[in-house]
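> sequence? don't have it. structure:
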């Protein structure tokens, strides 16, 4: 049989130099090094992309359901301060450590997010957010020190979220309820307004059963004493269910991003009603 023009015989291939018989995937040292660099670049880019995706998700806005939004609240002491001095001093507690080691430098703590949100809502006002470590071990330790903290900081608005530490330390429910009411009286006695935050939502049925007992006490105290209360618990539940917040995150960097996201969302939920009340 005649061999077709342009075809190569097996004998020709066997007699060819080794270099000429390399398969298309047999690269030399320089080519292999270039490929390694390319793969490393792609992997780094993939990691950067994941980090950027997490960051974007962490900074996405949180929708505030109409039925949970804080509206038509009265903050007379804060409104008077703003009218007389052109400033608003707010006292908060905690919200720094869980956001990560670089949170303060990046303005990602709860007080920093609240200050930024209030500044955007009240651009003509001088916003001062004074943040203190949570006093004592639980809510029973808070009311006795509130008058001095208000006097020291000059705050005319206090934002307090009792319950989290009390669940962890198993504070007696009657003592917890008395502490919340005493805190309300202490803030008013110090010449400031108060906004309460109810307890955090945790995606664990066992823990939620315990949390709800403390949460009920906060809701009752706020209602009985006509104190504005941000329904943070229900908001977090909604954000968890719609995928806005991955409250079940286990990876530490992602947990920190979720905490920063939560701080931002809570700050946004507070800024608009506070601004409306003090204008």
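Now that the structure is in, tell me what you want to look at. The model shown is predicted, which means the values in this text are computed figures rather than measured ones.
> for the rest of this, base every contact and every neighbour count on C-alpha atoms.
Will do.
> where exactly do the helices run in the stretch 51-200 of the chain?
76-85, 110-121, 146-153, 164-169, 173-189 (DSSP state H, counting those that start in this stretch).
> quick one, strands of the chain?
87-93, 126-132, 157-160, 193-197, 229-230 (DSSP state E).
> nearest to residue 275, of those strands?
Proximity to residue 275 (Cα to Cα) singles out strand 87-93 among the strands of the chain, at 10.1 Å.
> neighbouring strands for that closest one, and are they parallel or not?
The pairing partners recorded for strand 87-93 under DSSP bridges are strand 126-132 (parallel), strand 157-160 (parallel).
> circling back: looking at the helices of the stretch 51-200 of the chain, which is buried most?
Between the helices of the stretch 51-200 of the chain, helix 110-121 has the highest mean count of neighbours, a mean of 22, where neighbours are mean count of other Cα atoms under 10 Å.
> list the contacts of residue 82.
88, 125, 278 (Cα atoms under 8 Å, 6 or more residues apart in numbering).
> how about a cut-off of 6 Å?
By Cα atoms under 6 Å, 6 or more residues apart in numbering, the contact set of residue 82 is residue 88.
> equivalent analysis for the one 5 residues further on, please.
Under the criterion of Cα under 6 Å, 6+ apart, the contact list for residue 87 reads 125, 126, 127.
> quick one: pLDDT of it?
On the pLDDT scale, residue 87 is placed at 97.
> distance of it from residue 279?
Using Cα to Cα, to the nearest Å, residue 87 is found at 11 Å from residue 279.
> what do you get for residue 209?
40 Å.
> same check on residue 223?
Taken as Cα to Cα, the span from residue 223 to residue 279 is 24 Å.
> repeat that for residue 205.
41 Å.
> do the same with residue 250
Counting by Cα to Cα - residue 250 and residue 279 are separated by 42 Å.
> next, count neighbours for residue 70.
18 (other Cα atoms under 10 Å).
> and what of residue 220?
By other Cα under 10 Å, neighbour count at residue 220 equals 14.
> from residue 95, how far out is it?
25 Å.
> one more: residue 166?
Distance from residue 166 to residue 95, by Cα to Cα: 16 Å.
> what does residue 244 give?
20 Å.
> also residue 88?
20 Å.
> show me which of those two is the more surrounded one.
Legend: neighbour count by other Cα under 10 Å for residue 88 and residue 95, higher for residue 88 (25 against 19).
> can I get the strands of the chain in TSV including distance to residue 258?
Converted to TSV, the strands of the chain look like this (distance: least, Cα to Cα, whole Å):
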stretch	distance to residue 258
strand 87-93	19
strand 126-132	21
strand 157-160	21
strand 193-197	19
strand 229-230	19
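> rewinding a little: including distance to residue 201, could the helices of the stretch 51-200 of the chain go into TSV?
As requested, the helices of the stretch 51-200 of the chain are exported to TSV (distance: least, Cα to Cα, whole Å):
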stretch	distance to residue 201
helix 76-85	29
helix 110-121	17
helix 146-153	26
helix 164-169	10
helix 173-189	18
